[in-house]
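model this:
(one chain, ligands or ions: 1)
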Amino acid sequence: MREYPFEMALCAHLEAREEAVVARQLGGGVRAPANRVLDVLCVEPGPGMDDRAALTAETIPHAAVESDVGVGRSRDPVTAIDAPPERARSVAERAVEVGFFERTVEGGVRRAARYPDDWFDRIVGVENKPDLGTPGDLRLQLRKDVSLALVDEVVLATESYVTGAHLNRIPEPVGVWRFDPESGEREVVRAAEPLPSDQAGVELLGEQPLRTDVAVVSAEAKARQRRRMAERAYGKGWRPDALPACGEAEVEEREGSEGLPYCAWKDRVVDPANCGPSCPGHDPADPPKVDVAELRDGRTPWVAEPEGKARRQSGLDRFG
Ligand code: SF4
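Predicted coordinates:
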């Protein structure tokens, strides 16, 4: 089984079974976010979930959340947002666009509402490795996650039969699921142990034969990165940004979760990034029309259209 269809099926399954915002492919580092990309993220709701959902369906720029722009008086974004002037203006612009800031008559901005810091609770990171026979750098990736402890739990998801030898090679706090992407059956082979996500961690930046580069990351820096990840997950979700522009492309459903890109010619879920004109079955056509927001709405605590706010038809746009 290829990783992409496995990941799609797992996301659909988690969306159907868990009370969490599900997203995929998000940076899981602090000093070097791109140094570790987490396959799947489950963000569990906290007490402020409804308040967050009422703000906007989109990701709020972190620089706007961390800025000195409050709900009261008007502020000039250039002085209230910690960024170079041009960037501060564009962050404010985006924050207005998504409804987190509003323009004031004085020409500045203020928050439309308080940001609920407690909107999310635990974050679970899932590393997908459908075939444990080709582990690649799996062990290093999991060691990075355990050492930094940015998420509260790390789980390895696989389709393979998991042997004792496999378990011995996987860092101890990492949980293991055996997941069948066809039936949606998930067996917990080993439960994950909680990681100290609220304490300082050590980020593994690189490893060479005689040298490992690391950085100590404070609890505060981790907390900020967790909020950033949760925000990205909230706006992004797991469904692909584009479906193939091919007459063979269809929209697939698993466990009631729709939006997986399916190819009738190959008879399987396909990665839109890897299919196109060079494929022998390619039949140029408009991509299937899908409203991603409509598919996602009501399946998780994410809300497509917060009350009183018009929904941007991002789903339709994205599927062009
Ligand atoms: S390009 Fe090939 S893989 Fe992609 S949808 Fe068309 S037939 Fe399927």
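
List the contacts of the nearest residue to residue 269 once chain neighbours are set aside.
Nearest residue to residue 269, sequence neighbours excluded (CB to CB, 6 or more residues apart in numbering): residue 5, at 3.8 Å. From N, CA and C alone the C-beta is placed, and that goes for glycine too. With contacts defined as CB atoms under 8 Å, 6 or more residues apart in numbering, residue 5 is in contact with 181, 260, 268-271.

can you rerun that using 7 Å?
181, 268-269 (CB atoms under 7 Å, 6 or more residues apart in numbering).

Check the secondary structure at it for me.
With DSSP: H, G, I helix; E, B strand; the rest coil as the basis, residue 5 sits in helix.

Distance check, it against the ligand.
Using CB to the nearest ligand atom, to the nearest Å, residue 5 is found at 12 Å from the ligand.

Just the buried ones from the contacts of residue 5?
Among the contacts of residue 5, the ones that count as buried by 16 or more other CB atoms under 10 Å are 181, 269.

Could you list which of the contacts of residue 5 belong to helices?
Among the contacts of residue 5, no member falls in helices (DSSP state H).

Against which helices or strands is the lengthiest helix in the chain packed?
If you go by DSSP H, the chain has its longest helix at helix 219-236. Helix 219-236 sits against strand 21-27, strand 37-45, strand 120-128, with contacts defined as 3 or more CB pairs under 7 Å, 6 or more residues apart in numbering; DSSP states H and E.

again, 8 Å this time
Identification of packing neighbours for helix 219-236 by 3 or more CB pairs under 8 Å, 6 or more residues apart in numbering; DSSP states H and E yields strand 21-27, strand 37-45, helix 62-65, strand 120-128.

In the stretch 101-250 of the chain, which residue sits closest to the ligand?
When scored by CB to the nearest ligand atom, the stretch 101-250 of the chain has residue 246 as its residue closest to the ligand, at 3.2 Å.

Can you classify the nearest residue to residue 217 once chain neighbours are set aside by secondary structure?
In this structure, residue 217 finds its nearest non-sequential neighbour in residue 30, 4.6 Å apart by CB to CB, 6+ apart. Secondary structure, three-state DSSP: residue 30 is coil.

Could you count how many residues lie near residue 30?
22 (other CB atoms under 10 Å).

Quick check, it in contact with residue 226.
No. The criterion here is CB atoms under 8 Å, and residue 30 misses it with residue 226 at 9.3 Å.

mind listing the strands for the chain?
Shown for the chain, the strands assigned by DSSP state E span residues 21-27, 37-45, 101-103, 109-111, 120-128, 153-158, 175-179, 186-190, 201-208, 211-217, 249-254, 257-263, 268-269.

most packed of these?
The highest mean neighbour count among those, using mean count of other CB atoms under 10 Å, belongs to strand 153-158: a mean of 24.

Residue 109 is in contact with residue 99, isn't it?
No. Applying CB under 8 Å as the test, residue 109 and residue 99 come out as separate, 11.9 Å apart.

related to what we said a few turns ago, can you tell me which of the contacts of residue 5 comes closest to residue 189?
Among the contacts of residue 5, residue 181 lies closest to residue 189 (CB to CB), at 16.0 Å.

I figured the closest one hits residue 9, correct?
Yes. Under the criterion of CB under 8 Å, residue 181 makes contact with residue 9 at 3.5 Å.

ok so, going back, shouldn't the residue of the stretch 101-250 of the chain closest to the ligand be in contact with residue 278?
No. Residue 246 lies out of contact with residue 278 (CB under 8 Å); the separation is 11.7 Å.

picking that back up, is it possible to get CSV of the strands of the chain that adds distance to the ligand and mean pLDDT?
Formatted as CSV, those follow (distance: least, CB to the nearest ligand atom, whole Å; pLDDT from 0 to 100):
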stretch, distance to the ligand, mean pLDDT
strand 21-27, 20, 96
strand 37-45, 22, 97
strand 101-103, 41, 96
strand 109-111, 44, 97
strand 120-128, 21, 98
strand 153-158, 24, 98
strand 175-179, 24, 98
strand 186-190, 28, 97
strand 201-208, 36, 89
strand 211-217, 40, 92
strand 249-254, 4, 94
strand 257-263, 3, 95
strand 268-269, 9, 94
